[in-house]
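Visitor: missing the sequence, but the structure's below:
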């Protein structure tokens, strides 16, 4: 585990955890790439998740200590935990985006062909990408959220991190390729095109990622409560109420993300 700062001002905590995600995501890519095996990106995802599990467990321990040992509102404590996990997610995504830029498209197909095939990337650019209509997007994203919750319930921290690292890698690789191809086809200079393109696609991705993090925390909390308390225990009922609130928040976030995805990318990209 990296000796980074994880206490103090939220911005400092967030930056330190982003760097930790970047570190473990980057090291995982180096080790997996050095193995010289096809689809090495698949192994990098497992390595990154394993590297971050210790930090995630510490965040969960801190969450529990603050909930039962302080008078701070539960929603604020859980919100900070979700923020910390999201920053690790963004660190892993950044590592994969850097790798995508450094390796080039040919090597990416060898390392992450499984992700590109699953996303049906083909020869698409950001201009030709068809962002889903609201209904299909909602169905798909709720299915993804349910997967996050289920993996977190069964495998707890590692299950949640495995799902998050998978999404971080796939999103970063696909988005980097889509934006890069579109930048070459655009008349705008890359320094102008890339920030505007990111403005078009990042909001709904951040909303979805945050919702998946919250859903994962709900799955972990419920899993621990099932093992620690009897169903008739008041503590169990308190955890269940918190889990229901978290799941409701995650579901609302998924709905918001789908609305943003259906409207914002097309509105922004049509003006480029």
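Guide: Now that the structure is in, tell me what you want to look at. Treat the numbers as computed from the prediction; the structure is a model and nothing was measured.
Visitor: How about the one helix or strand residue 227 maps to, which residues are buried there?
Guide: Using DSSP states H and E, residue 227 maps to helix 190-228. Within helix 190-228, the residues scored as buried using 16 or more other CB atoms under 10 Å are 193-194, 197, 200-201, 203-223, 225. No exception for glycine: its C-beta is placed from N, CA and C like everyone else's.
Visitor: Need the mean per-residue confidence for stretch 163-177.
Guide: Mean pLDDT, stretch 163-177: 93.
Visitor: And stretch 262-272, by the same measure?
Guide: The average of the pLDDT scores along stretch 262-272 is 84.
Visitor: can you check stretch 46-66 too?
Guide: Stretch 46-66 shows an average pLDDT of 94 in the prediction.
Visitor: buried stuff in it?
Guide: 46-49, 51-53, 55-56, 59-60, 62-63, 66.
Visitor: Identify, from the residues you listed, the entry nearest to residue 113.
Guide: Nearest to residue 113 among the buried residues of stretch 46-66: residue 46, at 16.8 Å, using CB to CB.
Visitor: Could you check the angle the helix or strand that contains the closest one makes with helix 190-228?
Guide: Remark: residue 46 resides in helix 40-69, with elements defined by DSSP H and E. Angle of helix 40-69 versus helix 190-228, following axes from the mean of the first three to the mean of the last three CA atoms, to 10 degrees, is 60 degrees.
Visitor: And helix 40-69, what does it pack against?
Guide: helix 10-34, helix 74-103, helix 105-118, helix 134-185 (3 or more CB pairs under 8 Å, 6 or more residues apart in numbering; DSSP states H and E).
Visitor: Mind checking those helices for the one nearest to residue 249?
Guide: Closest among the helices and strands packed on helix 40-69, using CB to CB: helix 74-103, at 8.9 Å.
Visitor: So for the closest one, what gets flagged as buried?
Guide: By 16+ other CB under 10 Å, the buried positions in helix 74-103 come out as 77-78, 80-82, 84-100, 103.
Visitor: One more: stretch 260-270?
Guide: Result for stretch 260-270 [16+ other CB under 10 Å]: buried residues 260, 261, 262, 264, 265, 268, 269.
Visitor: so residue 156 makes contact with residue 223?
Guide: Yes. Contact status for residue 156 versus residue 223: in contact at 5.7 Å, counting by CB atoms under 8 Å.
Visitor: Quickly note the distance from residue 255 to residue 138.
Guide: To residue 138, residue 255 is 7 Å away according to CB to CB, to the nearest Å.
Visitor: circling back to that earlier point, ok and the helix holding residue 227 relative to helix 134-185, angle-wise?
Guide: 140 degrees.
Visitor: What is helix 190-228 packed up against?
Guide: In this structure, helix 190-228 packs against helix 74-103, helix 134-185, helix 234-269, with contacts taken as 3+ CB pairs under 8 Å, 6+ apart.
Visitor: Now with 10 Å, please.
Guide: Where contact means 3 or more CB pairs under 10 Å, 6 or more residues apart in numbering; DSSP states H and E, helix 190-228 is packed against helix 40-69, helix 74-103, helix 134-185, helix 234-269.
Visitor: so the residue sitting furthest away from the middle of the chain is in which element?
Guide: Most distant residue from the mean C-alpha position of the chain: residue 232, 34.8 Å away (CA atoms, centre = their mean). For residue 232, there is no host helix or strand (DSSP H and E).
Visitor: could I get the helices and strands packed on helix 190-228 as CSV with distance to residue 114?
Guide: Shown next, in CSV, are the helices and strands packed on helix 190-228 (distance: least, CB to CB, whole Å):
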stretch, distance to residue 114
helix 40-69, 6
helix 74-103, 14
helix 134-185, 9
helix 234-269, 23
